[in-house]
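Colleague: Need a 3D model of the following:
(one chain, ligands or ions: 2)
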Amino acid sequence: MDDDVSSPPLRGIRRLTAGAVSGLLAGYAAIAVAELVSAAVRPESGPVIAVGGAAIDRTPAAVKDWAIRQFGTDDKLVLQLGILAVLTVLALGLGMLATRWRLIGSLGVLAFGVVGALAATGRPDSTGAGDALPSTVGAVAGACLLFWLIGRLGDADHGVRERDQAAAGGEGSPSGTRPGDGADGSGWDRRGFIRAATATAAASTGAGLAGRALNGSQGQGAVASRKGIVLPRPSSSASPVPKGAGLRIKGISPFVTPNADFYRVDTALVVPKVDATSWRLRIHGLGVQRERTLTFDDLLNMPLIERDITLTCVSNEVGGPYVGNARWIGVRLADVLEQCGVRPPSKSGPADQLVARSVDGMTIGSPVEDVMDGRDALLAVGMNGQPLPFEHGFPVRMVVPGLYGYVSACKWIRDIELTTFDAYDAYWVERDWAQQAPIKTESRIDTPKPFGRPRAGTVMVAGVAWAQHRGIDKVEVRVDDGPWQEARLAAEDTRDTWRQWSYAWQATKGGHTLTVRATDRTGQPQTEKRADTMPDGATGWHTVAVTVD
Ligand SMILES: Nc1nc2c(c(=O)[nH]1)N[C@H]1C(S)=C(S)[C@@H](COP(=O)(O)O)O[C@H]1N2
Ligand SMILES: [Mo]
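Modeller: Ligands and ions are numbered 1, 2, ... in the order given. Below is the predicted model of the structure:
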């Protein structure tokens, strides 16, 4: 009698709820175990990072642009939170499913492990089948756990049979199961379930935290190697920034962008931590007469040059923030290429494309002609007096004046291959961006801000303009539909850097629209024609609407 009352399987809403809780716990355990295993493989092989990376690889450019605009540099965090949210919903669903079909629900957990494993091994930076381990082991752990936890709820079919039997006047529970025997599938043991759930949650948290800590401590060698670097004196220093290059106007972008404020654009969910002492750069491919593999010390022992270069992202909207100016130090890429016997197409070299590969699997293709035409294309090791920050490509990255970052500025570089544009499409080109993309002439109003409310009288309108490697010769400002007025240009540093400008506006009360346009040294004024960032950079004039009080 006792048996009939206290140990029927759990049914109805409470069964579903317990199933959902079990699913959540199983999912949590799977992620936690995977995190722990990923510490033994590589941090990037964990399922959330791998699926996130795969999503980034497959996101249409328009969506990516939208995401970057909406979430700024938080886009990666948003992506990971999104994946976790989706996983949560799926885990709840699989848990509920398992209350009816225990095996199918558990197999469902395994299926997600397969997705994670495929994502990890399919990433361009994958180092092999080992990358499948975290997702696989995590999913197996999660699936077993779900099977076990659901087992503690009692067998749903058995319950139905029992009820039918009872309705037919048969004996209720013949097995003599006592409360607390839930594990054999015939009874619901609430306390036992809660105990199991709590233990699972605790063990998962332990595994997850251990994995986090281990993953966090990876890269300590890289951190130590960075601390140990003393950048040599350049054999060719940058001339000091002219006094008048930086205007003292509130709200204008500083002439040199501090490293901490420098924009960051890349596909890496985990910033690569490369140990400079074991770093190597291989140079090979079409027309390379002497293949070479350089160490970091090899680079430091070559003549270093120091240059101010403004970097811009092709994803920068008109008026957008993805532009920054820094003082770089590095080896001339052309020197290295010449040592390897590489000739540019104009000297009848066979390769017209230089493909740079990073440790995280990025590929970036630049015209060989451009990097060897005398401009200061760099294998950079320093940024504003520091070794490169990890986010900006430590230990070595490329910087090429005049080309958008996605066709020139490979961070965490490890390989340079000479090839042709016909033979190979780099990462972004496969995603429909242009093969070649020189930077377009742009100007931006930094102050006043959009929808600002300056006071009537003299209002300083100011900002930056850039046309790297051509130089900026003129900036003009227009108020509403009035005539173009020439702005005052700050002193030029080099034609590879942006230039500040200002215009003292006699502002009258009411709503006004300010527009800016620049003219580069070829005499070409910045076009009014609006173009999307895709495929080779946005065009159009930046306007700012303000209300003068
Ligand atoms: N390895 C790697 N290098 C990369 C990228 C990347 O995604 N991965 N993005 C490129 C792009 S699109 C730009 S605009 C610049 C940005 O450099 P920053 O983040 O230092 O500003 O890096 C380039 N180098
Ligand atoms: Mo970019």
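
Colleague: For the rest of this, base every contact and every neighbour count on C-alpha atoms.
Modeller: Will do.

Colleague: how much space between whatever residue of the stretch 251-400 of the chain ends up closest to ligand 2 and ligand 1?
Modeller: Closest to ligand 2 within the stretch 251-400 of the chain is Cys313: 3.5 Å, counting by Cα to the ion. Here the criterion is Cα to the nearest ligand atom, to the nearest Å. By it, Cys313 lies 4 Å from ligand 1.

Colleague: One more: Pro240?
Modeller: 23 Å.

Colleague: Read off the pLDDT value for that residue.
Modeller: What the model reports for Pro240 is a pLDDT of 95.

Colleague: my guess is the residue of the stretch 251-400 of the chain closest to ligand 2 meets Tyr406, correct?
Modeller: Yes. If you go by Cα atoms under 8 Å, Cys313 and Tyr406 touch, sitting 7.0 Å apart.

Colleague: on that earlier part again, return the residues in contact with the residue of the stretch 251-400 of the chain closest to ligand 2.
Modeller: Val265, Tyr322, Val323, Tyr404, Gly405, Tyr406 (Cα atoms under 8 Å, 6 or more residues apart in numbering).

Colleague: So what's the residue count around the fifth one?
Modeller: Looking back up the chat, that one is Gly405. 26 (other Cα atoms under 10 Å).

Colleague: Give me the nearest residue to it, chain neighbours excluded.
Modeller: Excluding its sequence neighbours, the residue lying closest to Gly405 (Cα to Cα, 6 or more residues apart in numbering) is Cys313, at 5.3 Å.

Colleague: remind me which residues of the stretch 101-250 of the chain are low pLDDT?
Modeller: Along the stretch 101-250 of the chain, the model assigns pLDDT under 70 to residues 156-187.

Colleague: SS state for whatever residue of it ends up closest to ligand 2?
Modeller: Using Cα to the ion, the single residue of the stretch 101-250 of the chain nearest to ligand 2 is Pro124, 18.2 Å away. Three-state call for Pro124 (DSSP: H, G, I helix; E, B strand; the rest coil): coil.

Colleague: Find the nearest non-adjacent residue to it, please.
Modeller: Closest to Pro124 by Cα to Cα, 6+ apart is Gly361, at 4.7 Å.

Colleague: can you tell me how far that neighbour sits from Asp57?
Modeller: Separation of Gly361 from Asp57 (Cα to Cα, to the nearest Å): 11 Å.

Colleague: and for those two, which residues touch both?
Modeller: With Cα under 8 Å, 6+ apart applied, the contact sets of Gly361 and Asp57 do not overlap.

Colleague: The stretch 151-300 of the chain: helices as residue ranges?
Modeller: Ranges of helices within the stretch 151-300 of the chain are 156-167, 190-217, 220-227, 296-300, based on DSSP state H, counting those that start in this stretch.

Colleague: same check, this time on the stretch 401-549 of the chain
Modeller: 427-430.

Colleague: Enumerate the residues of it near ligand 2.
Modeller: For the stretch 401-549 of the chain, the contact set with ligand 2 under Cα under 5 Å from the ion comprises Gly405, Tyr406.

Colleague: Then the chain?
Modeller: So far as Cα under 5 Å from the ion goes, the chain lies against ligand 2 at Cys313, Val314, Gly405, Tyr406.

Colleague: need the residues of this protein near ligand 1, please.
Modeller: Where the chain comes near ligand 1, counting by Cα under 6 Å from any ligand atom, the residues are 263-267, 312-313, 358, 360, 362, 392, 405-406, 409-412.

Colleague: Would you list the buried entries among those residues?
Modeller: Among the residues of the chain next to ligand 1, those classed as buried by 16 or more other Cα atoms under 10 Å are 263, 265, 312-313, 358, 360, 362, 392, 405-406, 409-412.

Colleague: Grab the two from those residues that are most spread out in space.
Modeller: Greatest spacing in those, by Cα to Cα: Thr312 and Asp360 (21.0 Å).

Colleague: and stretch 339-346, C-alpha only, in PDB?
Modeller: Only the C-alpha atoms of stretch 339-346 are listed here, as PDB (Å, rounded to 0.1, in the frame of the first residue of the first chain):
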ATOM      1  CA  GLN A 339      66.500  38.900 -49.000                       C
ATOM      2  CA  CYS A 340      64.400  36.000 -50.100                       C
ATOM      3  CA  GLY A 341      64.900  37.000 -53.700                       C
ATOM      4  CA  VAL A 342      61.300  38.100 -54.300                       C
ATOM      5  CA  ARG A 343      60.700  40.600 -57.100                       C
ATOM      6  CA  PRO A 344      57.600  42.600 -57.600                       C
ATOM      7  CA  PRO A 345      55.500  42.200 -60.800                       C
ATOM      8  CA  SER A 346      56.900  45.500 -62.200                       C
END
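
Colleague: Now it: buried residues?
Modeller: Cys340, Val342, Arg343, Pro344.

Colleague: Turn the helices of the stretch 151-300 of the chain into TSV, columns for mean neighbour count.
Modeller: Below are these laid out as TSV (neighbours: other Cα atoms under 10 Å):
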stretch	mean neighbour count
helix 156-167	15
helix 190-217	17
helix 220-227	16
helix 296-300	15
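
Colleague: Check what pLDDT the spatially most central residue of the chain gets.
Modeller: By Cα atoms, centre = their mean, the mean C-alpha position of the chain lies nearest to Thr267, the distance being 3.4 Å. Note on Thr267: pLDDT of 88.

Colleague: which non-adjacent residue is nearest it?
Modeller: Ile56 (6.8 Å).

Colleague: what sits against Glu476?
Modeller: Glu476 touches Trp484, Gln485, Glu486, Ala487, Val516, Arg517, Ala518, counting by Cα under 8 Å, 6+ apart.

Colleague: For the closest residue to Arg282 other than its chain neighbours, give me its contacts.
Modeller: Nearest residue to Arg282, sequence neighbours excluded (Cα to Cα, 6+ apart): Thr293, at 4.2 Å. Thr293 is in contact with Arg280, Leu281, Arg282, Ile283, counting by Cα under 8 Å, 6+ apart.

Colleague: neighbour-wise, which of those residues leads?
Modeller: Neighbour max across the contacts of Thr293 (other Cα under 10 Å) = Ile283, 22 neighbours.

Colleague: my read: that one touches Glu417, true?
Modeller: Yes. Using Cα under 8 Å, Ile283 makes contact with Glu417 at a distance of 6.0 Å.

Colleague: Torsion angles phi and psi at the residue nearest to Gly405?
Modeller: Main-chain dihedrals, Cys313, degrees, to the nearest 10: phi -100, psi 140.

Colleague: and it, what pLDDT?
Modeller: Per the predicted model, pLDDT is 95 at Cys313.

Colleague: now swap in Met1 and tell me
Modeller: 37.

Colleague: Now intersect the residues of the chain next to ligand 1 with the strands, please.
Modeller: Thr312, Ser358 (DSSP state E).

Colleague: Which neighbouring elements make contact with whichever strand or helix holds Ala120?
Modeller: Here Ala120 is covered by helix 102-122, with elements defined by DSSP states H and E. For helix 102-122, the helices and strands in contact under the criterion 3 or more Cα pairs under 8 Å, 6 or more residues apart in numbering; DSSP states H and E are helix 47-58, helix 75-100, helix 133-151.
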